[in-house]
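Novice: Below are the sequence and a predicted model; questions follow.
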Amino acid sequence: MTEVADQFTEERSGEVARITHWIDGRRVEGTSGRSGPVYNPATGEQSGEVDFASVDEVDAAVQAARRAFESWRTVSLSRRTELFFRIRELFHDHSEDLARLLTLEHGKVLSDAKGEVARGLEVIEFCCGVPELLKGSYSEQASTGIDVYSIRQPHGVVAGITPFNFPAMVPMWMWAPAIACGNTFVLKPSEKDPSASMLTAELLKEAGLPDGVFNVVHGDKVAVDAVLEHPEIAAVSFVGSTPIARYVYETGTKAGKRVQALGGAKNHMIVLPDADIEMAADAAVSAGYGSAGERCMAVSMLVAVGHAADDLVGAIQERLPKVKVGDGMNPDSEMGPLVTREHRDKVASYIEKGAAEGAKVVTDGRETGPDGGGFFLGVTLLDEVTPEMDVYKDEIFGPVLGITRVGTYEEAVRLVNENPYGNGVAIFTRDGGVARQFQFEVNAGMVGVNVPIPVPVAYYSFGGWKNSLFGDLHVYGPEGIQFYTQGKVVTSRWPDPATSKVDLGFPQTR
Ligand code: NAD
């Protein structure tokens, strides 16, 4: 282990660690007098206390980023590429350290945490190709002796506000393309699991990123509002729940910023009668309960068409007792705890609510899961869920999978298309023609055909429709590059002085 990783491990094994901001290339202790607890969800014990930034502290980070931008934007593309290759190597070498931090503060099992880091690394790898990504276009002789070309330039200081459920990967979706494009960055991570962003900061410094290019301010609404209102922040990326995404989009755009705000989800997986039921059941259990259902792309609602329903319920029910719930650090565990006690209790309350609304509780997660102080909840399966129930309408964000039964494919598609969310959706079938029709007519941003969690690879872009995204551009991939740059078109003439004359007419191209 290196110095950076040791430092974090020591903190974790001792007393409650103080988690500071990271401004201008160093840790900066907060002075606002406000802070929040960080827990190890597997034990329920407090492991850290994170400083909450004041308006002035956010401003200090922005000023550091503004100063750094002056020189960072002049760094050549070849140097930026070289640096991104180093960043890639360092994050790869420390992927286990990052994953351990995720498990210790978020609760997800270590194998899942490693998967998170690996998917984030793919975004960093994509950014190693930044010279190709920033290429403009050139039209020679657009008019006689006139050439026209386009270039893409960074905005300046940009910010990211991120959720608790992917404390390393979602920030990578933002800082990597933002910095590769020549911007400087201020990150406001989730206050529930903030340490991954501090390790990120240290690794970026070790890779040679100049001080001030990447900054971290922790906190709650005070810090978020300070970011949204800061006149020197040009663009904001947000990922989190729908009500806050809408607020961030409205407040940020009102302040003149470019904003992309990704919100919550209710992802449906349609299972047609001709589907391979065993495969669909494996997929439903993996996608419904992986990361304890705390994924924005988790399958939370199965739509079973026709006679698929009974077989599917039976096949899932068979698998559920085998799901091993436990401390994410234990290699045998397949599902860890939820992130906080409050969240666990809220998710558990939906089981009772579902039963009261008329859903059939096939498996009750309140009756399983390890004892002790951790925030555990076992897996729950609710059958006969109908669209007017809260367990159907709300994003539960926990290990509660619902099944709704419909008669036809058309009814299933209507359910998805009428849902206010439009993040991910999947269909399980053996019929290529139906799958193709589904991809054509379904209203969601990310579609899986026999793939339950269709998170796009790093060279496409990630984003939902409807209440799952506010803004025009999706994150990472080509749209991420577009988001973090602005276009400029240059019209240029190097005239022959011999042909120069006064002409007051409107410039024409022919
Ligand atoms: P959240 O909305 O509670 O928090 C997200 C961020 O907003 C955090 O940094 C938090 O500090 C801040 N925040 C919270 N309350 C705020 C307020 N009142 N004013 C200003 N800022 C505030 O989300 P979460 O619970 O951390 O994450 C889970 C949610 O994120 C789920 O809804 C999930 O679907 C969504 N999510 C969406 C995607 C996606 O790509 N669409 C990806 C991951 C998570």
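Specialist: Done, it's in.
Novice: Ser492 - that's part of a helix, no?
Specialist: No: under DSSP: H, G, I helix; E, B strand; the rest coil, Ser492 sits outside any helix and is assigned strand.
Novice: Tell me how far it lies from Val148.
Specialist: Ser492 is 7 Å from Val148, where distance means CB to CB, to the nearest Å. Bear in mind the C-beta positions are built from the backbone N, C-alpha and C, glycine included.
Novice: Tell me which of those two has more neighbours.
Specialist: A count of neighbours by other CB atoms under 10 Å puts Val148 above the other of Ser492 and Val148, at 16 against 10.
Novice: and whichever helix or strand that one is part of, which strands flank it?
Specialist: Taking DSSP states H and E as the criterion, Val148 maps to strand 146-154. The sheet places strand 146-154 alongside strand 137-143 (antiparallel), strand 485-493 (antiparallel), with pairing taken from DSSP bridges.
Novice: any idea which helix or strand comes after it?
Specialist: Note on strand 146-154: by DSSP H and E, the next helix or strand toward the C-terminus is strand 157-161.
Novice: other SSEs contacting that next one?
Specialist: Judged by 3 or more CB pairs under 8 Å, 6 or more residues apart in numbering; DSSP states H and E, strand 157-161 is in contact with helix 55-72, helix 169-180, strand 184-188, helix 221-229, strand 233-239.
Novice: Tell me which of those approaches the ligand most closely.
Specialist: Proximity to the ligand (CB to the nearest ligand atom) singles out helix 221-229 among the helices and strands packed on strand 157-161, at 3.6 Å.
Novice: So for the closest one, what gets flagged as buried?
Specialist: Under the neighbour-count criterion of 16 or more other CB atoms under 10 Å, helix 221-229 has 222-228 buried.
Novice: Next: stretch 200-219.
Specialist: For stretch 200-219, the neighbour count (16+ other CB under 10 Å) marks 200-205, 207, 209-210, 212-219 as buried.
Novice: Tell me which of the residues you listed fall in helices.
Specialist: In this view, the buried residues of stretch 200-219 that belong to helices under DSSP state H are 200-205, 207.
Novice: How about the contacts made by the residue most central in space within the chain?
Specialist: For the chain, Val170 is the residue whose C-alpha lies nearest the centre (CA atoms, centre = their mean; 3.7 Å). Val170 makes contacts with 162-163, 239, as judged by CB atoms under 8 Å, 6 or more residues apart in numbering.
Novice: same question, Ile87
Specialist: Going by CB under 8 Å, 6+ apart, Ile87 touches 124, 176, 203-204, 207, 209.
Novice: wait, which of these is closest to the ligand?
Specialist: Nearest to the ligand among these, with distances taken as CB to the nearest ligand atom, is Ala176, at 15.8 Å.
Novice: Neighbours of that closest one, how many?
Specialist: 30.
Novice: Equivalent analysis for the one 4 residues further on, please.
Specialist: The tally of other residues near Ala180 (other CB under 10 Å) stands at 28.
Novice: Wait, it touches Glu132, no?
Specialist: No: with contacts counted by CB atoms under 8 Å, Ala180 stays clear of Glu132, the gap being 11.3 Å.
Novice: Enumerate every residue touching the residue of the stretch 51-200 of the chain found nearest the ligand.
Specialist: Closest approach between the stretch 51-200 of the chain and the ligand, counting by CB to the nearest ligand atom: Pro163, at 3.1 Å. Contacts for Pro163 (CB under 8 Å, 6+ apart) come out as 170, 190, 239-241, 296.
Novice: Export the residues you listed as a markdown table, with columns for distance to the ligand and pLDDT.
Specialist: Below are the contacts of Pro163 laid out as a markdown table (distance: CB to the nearest ligand atom, whole Å; pLDDT from 0 to 100):
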| residue | distance to the ligand | pLDDT |
| --- | --- | --- |
| Val170 | 6 | 98 |
| Ser190 | 5 | 98 |
| Val239 | 5 | 98 |
| Gly240 | 3 | 98 |
| Ser241 | 3 | 98 |
| Cys296 | 3 | 97 |
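Novice: And Gly433, how far from Tyr409?
Specialist: Between Gly433 and Tyr409 the distance is 11 Å, computed by CB to CB.
Novice: Please apply the same query to Ala61.
Specialist: Computed as CB to CB, the Ala61 to Tyr409 distance reads 51 Å.
Novice: Repeat that for Asp383.
Specialist: For Asp383, the distance to Tyr409 equals 20 Å [CB to CB].
Novice: So which of these two has more stuff around it?
Specialist: Neighbours per residue (other CB under 10 Å) separate Asp383 from Tyr409, with Asp383 holding more: 23 against 20.
Novice: can you give me phi and psi for the more buried one?
Specialist: Phi and psi for Asp383, reported as degrees, to the nearest 10, are phi -100, psi 170.
Novice: Surely it is in contact with Val362?
Specialist: Yes: in this structure, Asp383 is within contact of Val362 by CB under 8 Å, at 5.1 Å.
Novice: Now tell me which helix or strand of this structure has the poorest mean pLDDT.
Specialist: Every helix and strand of the chain was ranked by mean pLDDT, DSSP states H and E. The lowest is helix 3-13, at a mean of 57.
Novice: So what does Leu382 look like in phi/psi?
Specialist: The phi/psi pair for Leu382 (degrees, to the nearest 10) reads phi -110, psi 120.
Novice: and it, bridged to which residues?
Specialist: Bridge pairing for Leu382 - DSSP bridges - gives Val361, Gly402.
Novice: is stretch 297-312 anywhere near the ligand?
Specialist: No: Stretch 297-312 does not reach the ligand (CB under 6 Å from any ligand atom); its nearest approach is 7.4 Å.
Novice: Show me the shaky parts of the chain.
Specialist: 1-14 (pLDDT under 70).
Novice: interface residues of it facing the ligand?
Specialist: Residues of the chain lying close to the ligand (CB under 6 Å from any ligand atom) are 161-166, 170, 188, 190-191, 220-221, 224, 239-241, 244, 262-265, 296, 395, 397, 423, 464, 468.
Novice: List only those of the residues you listed flagged as buried.
Specialist: 161-166, 170, 188, 190-191, 224, 239-241, 244, 262-265, 296, 395, 397, 423, 464, 468.
Novice: Restricted to helices, list those residues.
Specialist: Cross-referencing those against helices under DSSP H gives 170, 224, 244.
Novice: Which residues lie in contact with the last one in this structure?
Specialist: Residues touching Ile244, when contacts are defined by CB under 8 Å, 6+ apart, comprise 238, 263.
Novice: if we go to 6 Å?
Specialist: By CB atoms under 6 Å, 6 or more residues apart in numbering, the contact set of Ile244 is empty.
Novice: ranges for the helices of the stretch 351-500 of the chain?
Specialist: With DSSP state H, counting those that start in this stretch as the definition, the stretch 351-500 of the chain shows helices at residue ranges 390-393, 409-418, 432-441, 477-483.
Novice: In a markdown table, list those along with distance to Ser111.
Specialist: Formatted as a markdown table, the helices of the stretch 351-500 of the chain follow (distance: least, CB to CB, whole Å):
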| stretch | distance to Ser111 |
| --- | --- |
| helix 390-393 | 29 |
| helix 409-418 | 30 |
| helix 432-441 | 30 |
| helix 477-483 | 26 |
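Novice: wait, Thr251 sits on Leu228?
Specialist: Yes: assessed by CB atoms under 6 Å, Thr251 is found in contact with Leu228 at 4.6 Å.
Novice: burial of Trp494, as a residue count?
Specialist: By the criterion of other CB under 10 Å, Trp494 has 7 neighbours.
Novice: Setting the sequence-adjacent residues aside, check what's closest to it.
Specialist: Counting by CB to CB, 6 or more residues apart in numbering, the nearest residue to Trp494 once its immediate chain neighbours are dropped is Gly145, at 7.4 Å.
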